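Colleague: Dropping the sequence and predicted coords here.
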Amino acid sequence: MALKLPGSDEPTILLSDRSEVEPAGYDRGNDHPLIFCSNLKKAHEHFRAGNIVAGGIQDGGGTQFFDVRDPEGNVIEICKEP
């Protein structure tokens, strides 16, 4: 499933099933849900503008990512599309 952020003409967030990600060679080093996006900086700014606490953009596992938490406190990783 692809999502567009407001003000974007192209999809910027890609939701992928684990069965699609693992054959592509992406190593999930944890059990957090992952959301892939093509424009990580724009996604990060969008979360922050919406008063959603988003961690800083980090480098790790061969990609860039940041974390957000859902209302129940579960971590969700937002990753740059491989």
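Modeller: That came through, no problem.
Colleague: quick one, longest helix in this protein?
Modeller: Among the elements of type helix in the chain, defined by DSSP state H, the one spanning the most residues is helix 40-49.
Colleague: Pull out the buried positions in that one.
Modeller: By neighbour count, with 16 or more other Cβ atoms under 10 Å as the criterion, the buried positions of helix 40-49 are Leu40, Ala43, His44, His46, Phe47. For glycine as for every other residue, the C-beta is placed from the backbone atoms N, C-alpha and C.
Colleague: thought the second one was touching Cys79?
Modeller: No: the pair formed by Ala43 and Cys79 falls short of the contact definition of Cβ atoms under 8 Å, at 9.8 Å.
Colleague: Between the two, which contacts overlap?
Modeller: Residues within reach of Ala43 and of Cys79 at once, by Cβ atoms under 8 Å, 6 or more residues apart in numbering, are Cys37.
Colleague: In the protein, where is pLDDT below threshold?
Modeller: For the chain, residues meeting the criterion pLDDT under 70 lie at 1-2, 11-18, 20-30.
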